[in-house]
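Chemist: Model the structure of this input:
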Amino acid sequence: MMMVLMLVGAVGGIVQLVCSIFILIHAFQKSVGTGFMVLCIPCYIFYYLHTEFQHEKKDQIVMAFYGGLALNLIGQVAQAALMPRRF
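Modeler: Residues are numbered from 1 along each chain as shown. Predicted coordinates for the structure are as follows:
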């Protein structure tokens, strides 16, 4: 069970990373300042994703980004809940 949760979290993290790279490349192509804001400000990527991101496959990238985020969080939380605690 622990391996399955680790795999789910890893797959979600990889999907989210790939989508984040697409968004980051788009932001740097728009301007260097926007690219650095997406890169350095933690929640700015969510704002940029919904307001300024224009791509022919925007819907698929947005859904994959949020799906990867959800899978990653589910995998990490479930793994932490099943981890044996040592005091």
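
Chemist: Next, the buried residues of whichever helix in the chain runs longest.
Modeler: In the chain, assigned by DSSP state H, the helix with the most residues is helix 2-30. The neighbour-count check on helix 2-30 (16 or more other CB atoms under 10 Å) flags 5, 8-9, 12-13, 15-16, 19-20, 22-24, 26-27 as buried. All C-beta atoms are positioned from the backbone trio N, CA, C, and that covers glycine.

Chemist: After that helix, which helix or strand is next?
Modeler: Later in the chain than helix 2-30, the nearest helix or strand by DSSP states H and E is helix 32-40.

Chemist: so what does that next one touch, helix or strand wise?
Modeler: helix 2-30, helix 44-51 (3 or more CB pairs under 8 Å, 6 or more residues apart in numbering; DSSP states H and E).

Chemist: check which helix or strand covers G67.
Modeler: Per DSSP H and E, G67 falls inside helix 58-82.

Chemist: which residues sit against that helix?
Modeler: Residues from elsewhere that reach helix 58-82 (CB atoms under 8 Å, 6 or more residues apart in numbering): 1-2, 5-20, 22-23, 49-50, 53, 55.

Chemist: and the gap between Q54 and P42?
Modeler: Distance of Q54 to P42, given as CB to CB, to the nearest Å: 23 Å.

Chemist: Would you point out which residue is most central in this structure?
Modeler: Q16 (3.4 Å; CA atoms, centre = their mean).

Chemist: That one - nearest residue in space that isn't next to it in sequence?
Modeler: G68 (3.2 Å; CB to CB, 6 or more residues apart in numbering).

Chemist: What about that neighbour, how many residues nearby?
Modeler: Around G68 sit 20 other residues, with neighbours defined as other CB atoms under 10 Å.

Chemist: repeat for Y66
Modeler: For Y66, using other CB under 10 Å, the count is 15.

Chemist: swap in V62?
Modeler: Close neighbours of V62, defined as other CB under 10 Å, add up to 16.

Chemist: ditto for the one 3 residues further on
Modeler: By other CB under 10 Å, 22 other residues sit near F65.

Chemist: quick one: pLDDT of it?
Modeler: At F65, the pLDDT value in this model is 94.
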